[in-house]
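Engineer: Quick check, what structure comes out for this input:
(chains A and B)
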2 protein chains.
Amino acid sequence: MVNYPNGKPSKSLDLVTNTINNSKIEYGKRGMKFEDEIDNSNRYYLQNDLAIIHKKPTPIQIVKVDYPKRSKAVIKEAYFRRASTTDYNGIYNGKYIDFEAKVTQNKTSFPLINIHQHQVSHMHQVYRHGGIVFILICFSSLEEVYLLPFENFYHYWQRYKDDEKKSIQLKEIKKDGILIPYTYRPRIDYLKAIQSLYSI
Amino acid sequence: MVNYPNGKPSKSLDLVTNTINNSKIEYGKRGMKFEDEIDNSNRYYLQNDLAIIHKKPTPIQIVKVDYPKRSKAVIKEAYFRRASTTDYNGIYNGKYIDFEAKVTQNKTSFPLINIHQHQVSHMHQVYRHGGIVFILICFSSLEEVYLLPFENFYHYWQRYKDDEKKSIQLKEIKKDGILIPYTYRPRIDYLKAIQSLYSI
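Structural biologist: As a prediction, the model looks like this:
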């Protein structure tokens, strides 16, 4: 199991993909992790020529690389860097798509400590430039995924920064966002939610 | 000096950023490398709220991470993975922007061996979905940078795949692309070229 870069075991979104001999980590009883489900949706959209959306690789600072003879290069020392953007972006129907994906085990609210100012600044700037920007929030205990448009998210963020409420209530997300029901293929059809929300 | 992952010293675009104690590699007499110049343009566009365009981090496959006490996590073993997309994307004026940047020391042609099928497939798909897609080509010996729109690039690619010509002639690039003159800030104002080419 690979720990989150702050040294604590990862319970939420893991920035690191750990694959040894191409076998993935077992995720236990909870099933596929949220990011895998989104990757699964993105692959589906790509293969069916519906949208081209990718997760950005984790940025790292490489310090040392070895070049063994007759073998591929090995990075021997590198450090995680903080991304200056959100994790996902791409194109759908001529529009620039940009989003973050977050998970919480809470049942009645989404803690805003999960979001970082630089992510909000990026989303805000992209939104002002005409992008379709949103957050996908997975309530893992409830097995519910919501799409919350950035323009609706932002006022809760400002409320948080004004030191008022540290979370967005589930009922507020239901009001200002859209539930994405689990479907067969893909499991999380967030593109369908975009189509209905933005009429595109 | 960090070598290109195939073991050879890098003369063209280096995927790896090697920074030790935050000091960059010296590039010798040729001045800032092409990617740095593009990063410089992207930073300028960001700071002046003109466009939000970023280089995608190099994708890597992480195998081993150490967590020293009271110190940040260190990646001890990782491998370079091939990117499935182009290196740069973002948004400008509501449009999805996507491009590759290539350098050649040649003086009269651009060798197509520098471009890979998966990059072309990605660009083609993005283009069909309404994105603004192009290649920035730097003729380093001539100190000239051209923007070649994907729709024009593509027929040269098909010519190459039909086993005909292995390069695009400089005169063909001048005809089907646009020269980006070096300016003071930013040095390579490719956004200006986009504005004139696409009337946006």
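Engineer: What is the burial count for the residue lying closest to A:G130 once chain neighbours are set aside?
Structural biologist: Spatial nearest neighbour of A:G130, excluding adjacent residues (Cβ to Cβ, 6 or more residues apart in numbering or on different chains): B:G94 at 3.0 Å. Backbone N, C-alpha and C define where each C-beta goes, glycine included. Look at B:G94: counted by other Cβ atoms under 10 Å in any protein chain shown, it has 13 neighbours.
Engineer: how about A:F99, secondary structure?
Structural biologist: strand (DSSP: H, G, I helix; E, B strand; the rest coil).
Engineer: gap between it and B:I135?
Structural biologist: Separation of A:F99 from B:I135 (Cβ to Cβ, to the nearest Å): 27 Å.
Engineer: Over to A:T86?
Structural biologist: 26 Å.
Engineer: And the two? Which one has more around it.
Structural biologist: B:I135 (25 against 22).
Engineer: give the contact list for the more buried one.
Structural biologist: By Cβ atoms under 8 Å, 6 or more residues apart in numbering or on different chains, B:I135 lies in contact with B:99-102, B:115, B:147-148, B:150, B:153.
Engineer: Break down chain A into its strands, ranges please.
Structural biologist: Along chain A, counting by DSSP state E, strands occupy A:52-55, A:60-66, A:74-80, A:88-92, A:95-104, A:109-111, A:132-139, A:144-149, A:167-169, A:178-180.
Engineer: quick one: contacts of the last one?
Structural biologist: Strand A:178-180 has contacts (Cβ under 8 Å, 6+ apart) with A:136, A:144-147, A:188-190, A:192-193, A:196-197.
Engineer: Narrow the residues you listed to those that are buried.
Structural biologist: Among those, the ones that count as buried by 16 or more other Cβ atoms under 10 Å in any protein chain shown are A:136, A:144-147, A:188-190, A:192-193.
Engineer: what residue ranges in chain A score low on pLDDT?
Structural biologist: A:1-32 (pLDDT under 70).
Engineer: Looking at the buried ones among the contacts of strand A:178-180, point me to the pair that's furthest apart.
Structural biologist: Using Cβ to Cβ, the buried ones among the contacts of strand A:178-180 span at most 15.6 Å, a distance reached by A:E144 and A:K192.
Engineer: Report the beta-bridge partner residues of the residue nearest the centre of chain A.
Structural biologist: Centroid-nearest residue in chain A: A:A101, 2.5 Å away (criterion: Cα atoms, centre = their mean). For A:A101, the beta-bridge partners under DSSP bridges are A:L136.
Engineer: How about the contacts made by it?
Structural biologist: Counting by Cβ under 8 Å, 6+ apart, A:A101 has contacts A:13, A:34-35, A:38, A:87-88, A:135-136, A:138.
Engineer: Mind putting these into TSV with distance to A:H122?
Structural biologist: TSV is the format used below for the contacts of A:A101 (distance: Cβ to Cβ, whole Å):
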residue	distance to A:H122
A:L13	17
A:F34	20
A:E35	19
A:I38	18
A:D87	11
A:Y88	12
A:I135	12
A:L136	16
A:C138	21
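Engineer: Redo the strands of chain A as JSON lines? Include distance to B:R81.
Structural biologist: Formatted as JSON lines, these follow (distance: least, Cβ to Cβ, whole Å):
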{"stretch": "strand A:52-55", "distance to B:R81": "13"}
{"stretch": "strand A:60-66", "distance to B:R81": "12"}
{"stretch": "strand A:74-80", "distance to B:R81": "11"}
{"stretch": "strand A:88-92", "distance to B:R81": "18"}
{"stretch": "strand A:95-104", "distance to B:R81": "21"}
{"stretch": "strand A:109-111", "distance to B:R81": "32"}
{"stretch": "strand A:132-139", "distance to B:R81": "24"}
{"stretch": "strand A:144-149", "distance to B:R81": "28"}
{"stretch": "strand A:167-169", "distance to B:R81": "36"}
{"stretch": "strand A:178-180", "distance to B:R81": "29"}
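Engineer: Indicate which one of the ones you listed is closest to A:W157.
Structural biologist: Across the strands of chain A, closest to A:W157 is strand A:167-169 (Cβ to Cβ), at 8.9 Å.
Engineer: For the closest one, which strands pair with it and how are they oriented?
Structural biologist: Sheet pairing for strand A:167-169, assigned by DSSP bridges, gives strand A:109-111 (antiparallel).
Engineer: Any idea how far the partner strand is from the middle of the chain?
Structural biologist: 16 Å (Cα atoms, centre = their mean, to the nearest Å).
Engineer: can you tell me how far the residue of chain A most remote from its centre sits from B:V103?
Structural biologist: For chain A, the residue at maximal distance from the C-alpha centroid (Cα atoms, centre = their mean) is A:K69, at 38.4 Å. When distance is defined by Cβ to Cβ, A:K69 is 28 Å away from B:V103.
Engineer: A:N48 now?
Structural biologist: From A:N48 over to B:V103 (counting by Cβ to Cβ), the distance is 36 Å.
Engineer: Wait, A:R82 touches A:Q117, no?
Structural biologist: No. Between A:R82 and A:Q117 there is no contact under Cβ atoms under 8 Å: 11.2 Å.
Engineer: My read is that A:D49 contacts B:S121, right?
Structural biologist: No. With contact defined as Cβ under 8 Å, A:D49 does not reach B:S121; the gap is 11.5 Å.
Engineer: Near the nearest residue to A:K95 once chain neighbours are set aside, how many residues? Count them for me, please.
Structural biologist: Spatial nearest neighbour of A:K95, excluding adjacent residues (Cβ to Cβ, 6+ apart): A:I132 at 5.2 Å. By the measure other Cβ under 10 Å, the count of residues near A:I132 is 21.
Engineer: just A:H122 next, same as before
Structural biologist: 22.
Engineer: what sits against it?
Structural biologist: Counting by Cβ under 8 Å, 6+ apart, A:H122 has contacts A:84-86, A:98, B:52.
Engineer: Cool, thanks, talk later.
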